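Visitor: got a structure for you, letters missing:
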């Protein structure tokens, strides 16, 4: 992914894509690895992709903490 994130202005190449079903074609969500950044977005593949399921906010927060650990 080229460019900058429209939410946080950090480099998109460093954002972490997390699949929620085990099949990348089902989509998932994306977190920024920059410490303190709270950006969050979902992603899908193809025209027929729907909004993917995401974990509850506590699990997202735990994943963000792990990703942003120095």
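Guide: Okay, I see it. This one's a predicted model, so the numbers in the text were calculated from it and none came from an experiment.
Visitor: Low-confidence ranges, this protein, go.
Guide: By pLDDT under 70, the low-scoring segments of the chain are 1-2, 46-51.
Visitor: So which bits of stretch 3-11 are buried?
Guide: 5, 8 (16 or more other C-beta atoms under 10 Å). The C-beta positions use only the backbone N, C-alpha and C, and glycine is treated the same way.
Visitor: From the chain's centre, how far out is it? Work that out for me.
Guide: 12 Å (C-alpha atoms, centre = their mean, to the nearest Å).
Visitor: cool, and stretch 34-53?
Guide: 5 Å.
Visitor: Just say helix, strand or coil for the residue nearest in space to the middle of the chain.
Guide: Centroid-nearest residue in the chain: residue 30, 0.7 Å away (criterion: C-alpha atoms, centre = their mean). For residue 30, the assignment made with DSSP: H, G, I helix; E, B strand; the rest coil gives strand.
Visitor: what's near enough to touch it?
Guide: Neighbouring residues of residue 30 by C-beta atoms under 8 Å, 6 or more residues apart in numbering: 15, 16, 17, 18, 40, 41, 42, 43.
Visitor: before we move on, what about residue 9?
Guide: Residue 9 touches nothing, counting by C-beta under 8 Å, 6+ apart.
Visitor: now swap in residue 53 and tell me
Guide: Shown in contact with residue 53 (C-beta under 8 Å, 6+ apart): 20, 21.
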